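> Turn this into a model:
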Amino acid sequence: MGRLGIIAARLGDTVTAVRLMRQLDSTALKPHAFGYPLVEEATIAAWLGRKDEAMRLLVAAMKAGTEFSSLWHSNIGLEPLWDYPPFKEFLRPKG
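Okay, here's the model as predicted:
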């Protein structure tokens, strides 16, 4: 669902992208999902230009158990956020 939503968003099919975001949201907190559906939902939101929503979803994914790794810095799916100051702050090492 996530990849289809990302493709739909990139093609400008907002209706399909938002529908798939809703479906992902319903699976986000299932046991053993570890927030990964929220990352996919955030990626769709980023491609739809909803950067604030994307950031909210990324933070929620981390709280739900998604692990942080160096791959976040080069995730091509999150390209719309690369120059977004809250995303840069999100990636900045802490502690």
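> Which positions within stretch 32-44 qualify as buried?
Of the residues in stretch 32-44, those buried by neighbour count under the rule 16 or more other CB atoms under 10 Å are 33, 35-44. No exception for glycine: its C-beta is placed from N, CA and C like everyone else's.
> my bad, should have said stretch 7-25
With the criterion 16+ other CB under 10 Å, stretch 7-25 contains buried residues 8-9, 16-18, 20-21, 24.
> of all those residues, which comes closest to Gly95?
Leu24 (30.5 Å; CB to CB).
> so where's the protein shaky on pLDDT?
Judged against pLDDT under 70, the low-scoring parts of the chain cover residues 27-31.
> Run through the strands of it in chain order.
Assignment of strands within the chain using DSSP state E yields no ranges at all.
> Could you pull out the helices in the chain for me?
Under the criterion DSSP state H, helices of the chain are mapped to 2-10, 14-27, 36-47, 51-63, 85-91.
> Generate CSV for those, with distance to Ile76 as supplementary columns.
Shown next, in CSV, are the helices of the chain (distance: least, CB to CB, whole Å):
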stretch, distance to Ile76
helix 2-10, 10
helix 14-27, 17
helix 36-47, 10
helix 51-63, 14
helix 85-91, 14
